[in-house]
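1. Next come a sequence and a model predicted from it.
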Amino acid sequence: MQVSPVHLSPTPSLRRPTAAAAPASGPADQVVLSGQTASTERVQVVHRTPSRHGGWIELMRDKNPNLIQRNFHPRTTQRSPEVIAAFGTDRPHSGDALLHYAGDPPPGVAVKPTPVLLVHGASKSAEFWWDPKEDGSNQGLPQLLREQGFQVYAVSFAHNQDDQFFWAQQIANASERIRALTGAPQIDLVGHSKGGQATRMYCSGVAHDWMATNQGDVRRLVLVAAPNGGIDTMFRHPSTNYVLYGDSDSPRLNAPMSWERMVAWGSMRDTSAMGFSSEGPDHWPGQRQMLARWAHRFPVPMSEPDWHTTYEGGQGFVSYSKGIDHYIQEGGNLVERLHKTPILPGIQVAVLAGDRADIQGIVNEKGGPSDGLLYLESALKMPRGTELIAQSVLHLNHKSLVSDRQGQQWIADVLADESPQRVPDKVIEQAIEAASKPLADGDSGPAVPLALTPGSPGSFSPGLATPPRVLVEF
């Protein structure tokens, strides 16, 4: 892919603004970016508002007609009052995105020359980075990086389960805006979970014709618990469908079902509108883009209801599923496409994974080494030719990789390293080999213990024998 220079109008009055200088809400700046697209569409900075974390939040608006108003399930709406206020709604148009600035480094601390953009995962907004434990402790990565002299930015996407191509486009817009503000020629990207896949797309040149292309503007890419090899959680653990089915608007149930139809309360119910399909409301488009088969490596638990027909497709005893392959294809087989597409030359890559499957409140993957959600082998998988400068497996779970100080400091150290060395191929191969071994207790039983209630023969009802432990997020 040819890399061409970026031509930006200078914005000296907005270079590295401080929290104290942030203007009140309103269209004060009206900055117009180039959009870096093949079309004539422009990207506008609509307004900037002060942030409760210090620094500010800007609303960026990309008017490209390929970006649409996405349908929102009640579980996928924005929840943070500050984010809603900045967007102006809890159901924003996908052309909108928020750029958060953490504020200038403390006085006396040397400012690092390369700004950092943090990219969150599914079900989240940029607020997650500031309070990753989600308990009000506010001990996040932006605070740590800022204290160490980094210029820290984060992006909030309009829809927290949106199409990954939409997210990649907004990453490009955020990169251009940050470079215009700071004068830096390049940025560093840190992507967590679903956000890791979107950052990889931007750094690999995987894009539609209408999208922005990488302009040589990324120095370093840090992937944290990213689904590099994909996930198959919802098809591997179909008992989760019993928890996801219903009218609850809890964001902790923000995930698609793998059943198109299911038996509930004695009759077959149509659940297709709550699933992976692009037909109908399509509330979770980004989820099918992360799908990949792992049954060849780690067998599907036979204790799960309709385990075979859910994974492979077909009519089971209590459900009907189109199967994982159908939705992998509907998602454009994006995981495989990325695996065949190397990271663009000149971009240094660091990969951080976890091997502790102890996330509270969700079904933890026990079929093989995992971080509770993502197989370790998936997190470590990168295409040949990747300039890998760091690769580590910490004894942390999918969430604590960014909420625990050990994971945060690992990220900070990688970003600060001025003379990184390429990871030897032998070390990479050894890590993959260790991650590919099934665990002894691979079949840990159904994700949700099901109770057989009185009714017609073969009819299950979603009565739970114990309180559900399968609240899906990230």
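-> Arrived safely, thanks for sending.
2. Please parse this structure into its domains.
-> 33-176+186-200+218-230+346-427, 233-334+441-464 (automatic domain parsing).
3. Within the helices and strands, which one has residue 311?
-> helix 307-312 (DSSP states H and E).
4. again with residue 77
-> Short version: residue 77 belongs to no helix or strand, going by DSSP H and E.
5. Touching, it and residue 91? I think so.
-> Yes. Counting by C-beta atoms under 8 Å, residue 91 is a contact partner of residue 77 at 5.8 Å. C-betas here are computed from N, CA, C, even on glycine.
6. Just the buried positions in stretch 146-155, please.
-> By 16 or more other C-beta atoms under 10 Å, the buried positions in stretch 146-155 come out as 146, 148, 149, 150, 151, 152, 153, 154, 155.
7. Same question for stretch 306-315.
-> Buried-residue list, stretch 306-315, by 16+ other C-beta under 10 Å: 306, 307, 309, 310, 311, 312, 313.
8. Show me what it is in contact with.
-> 232, 235-236, 238, 258-259, 295, 300-301, 304, 316-326 (C-beta atoms under 8 Å, 6 or more residues apart in numbering).
9. Kindly recompute the last result at 10 Å.
-> For stretch 306-315, the external contacting residues (C-beta atoms under 10 Å, 6 or more residues apart in numbering) are 232, 234-239, 241, 258-263, 293-295, 299-302, 304, 316-327, 446, 460.
10. residue ranges of the helices in the stretch 1-150 of the chain, please?
-> For the stretch 1-150 of the chain, the helices defined by DSSP state H, counting those that start in this stretch occupy 81-87, 127-130, 141-147.
11. Can I get the ones you listed in CSV including distance to residue 73?
-> Listed next are the helices of the stretch 1-150 of the chain as CSV, based on distance: least, C-beta to C-beta, whole Å:
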stretch, distance to residue 73
helix 81-87, 17
helix 127-130, 19
helix 141-147, 29
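12. Residue 386: which of those helices is closest?
-> helix 141-147 (23.2 Å; C-beta to C-beta).
13. same question for that closest one, mean pLDDT?
-> Here helix 141-147 scores 98 as its mean pLDDT.
14. same check, this time on stretch 319-336
-> Averaged across stretch 319-336, pLDDT comes to 98.
15. and it, C-alpha only, in CSV?
-> C-alpha atoms of stretch 319-336 as CSV (Å, rounded to 0.1, in the frame of the first residue of the first chain):
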residue,chain,number,x,y,z
SER,A,319,-33.2,-24.2,19.2
TYR,A,320,-32.3,-23.4,15.7
SER,A,321,-29.0,-21.8,14.7
LYS,A,322,-27.5,-20.9,11.3
GLY,A,323,-24.1,-21.8,12.8
ILE,A,324,-20.9,-19.9,13.2
ASP,A,325,-19.7,-20.3,9.6
HIS,A,326,-22.7,-18.5,8.3
TYR,A,327,-22.0,-15.4,10.4
ILE,A,328,-18.2,-15.5,9.8
GLN,A,329,-19.0,-15.2,6.1
GLU,A,330,-21.6,-12.5,6.7
GLY,A,331,-19.0,-10.6,8.7
GLY,A,332,-16.7,-10.6,5.7
ASN,A,333,-14.4,-13.3,7.2
LEU,A,334,-12.5,-10.3,8.7
VAL,A,335,-10.3,-12.3,11.1
GLU,A,336,-8.9,-14.4,8.2
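16. Show me how far it is from its chain's centre.
-> How far stretch 319-336 lies from its chain's middle: 19 Å, per C-alpha atoms, centre = their mean, to the nearest Å.
17. now swap in stretch 155-166 and tell me
-> Centroid separation for stretch 155-166 versus its chain: 9 Å, with C-alpha atoms, centre = their mean.
18. what do you get for stretch 369-384?
-> Put simply, stretch 369-384 sits 14 Å off its chain's centre (C-alpha atoms, centre = their mean).
19. List the buried residues of stretch 200-216.
-> Neighbour count says stretch 200-216 has 200-207, 211-216 buried, by 16+ other C-beta under 10 Å.
20. Tell me the first helix or strand C-terminal of whichever strand or helix holds residue 409.
-> Here residue 409, judged by DSSP H and E, is contained in helix 405-416. Reading on from helix 405-416 to the C-terminus, the next helix or strand found by DSSP H and E is helix 425-435.
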